[in-house]
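# next comes the sequence, and after it the predicted model I'd like to discuss.
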Amino acid sequence: MLPRLVGMARALEITAFDRPISAEQALNWGLVTNVVEDGQAREEAMKMAEKLAEGSLQSFAASKQLLTDSFSNSFETHLELERAALRSCAAHPAGKEGLTAFLEKRKPVFGRL
């Protein structure tokens with residue numbers, strides 16, 4: 001997976017020289033998505049967890065699966081999988097809540113839907 005994340009040249013550099021990678025390098029190379037000050041990792045992780053918990057578990061799971069599968073599917077197959085995921089999520093109670101909340105111009109409440 002490393003060459004997919006950082007490219008072949010950087011992957012070879014990482015594996016051949018075994019040099020430490022700074023937080024800034026890891027961020028620039030796409031190995032991490034966020035860098036925080038020392039001692040702030042737990043607080044930031046909790047904020048991220050709370051944000052995830054506010055969303056629809058079903059749509060997050062479907063999105064994650066689509067992203068993972070995108071490496072092994074053709075564009076056409078991927079579009080079909082997206083269409084199926086959208087249908088499935090929209091038919092789920094969480095999807096219905098999300099659509100209703102959008103139409104009512106309010107924040108959705110997914111809870112354990």
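Thanks, I have the structure now. Numbers count the residues shown, from 1 in each chain.

# the longest helix seen in the chain: which residues count as buried?
Secondary structure of the chain per DSSP state H: the longest helix is helix 75-91. Applying a neighbour-count criterion of 16 or more other CB atoms under 10 Å, one finds 81, 85, 89 buried in helix 75-91. Where you see a C-beta, it was placed from the backbone N, CA and C, and this is true even at glycine.

# dump those residues to CSV, plus pLDDT and distance to residue 61.
As requested, these are exported to CSV (pLDDT from 0 to 100; distance: CB to CB, whole Å):
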residue, pLDDT, distance to residue 61
81, 96, 13
85, 96, 9
89, 93, 9
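
# can you check the pLDDT for the residue nearest the centre of the chain?
The residue lying closest to the centre of the chain (CA atoms, centre = their mean) is residue 64, at 5.9 Å. Residue 64 carries a pLDDT value of 95.

# quick check: which element contains it?
Here residue 64 sits within helix 57-69, counting by DSSP states H and E.
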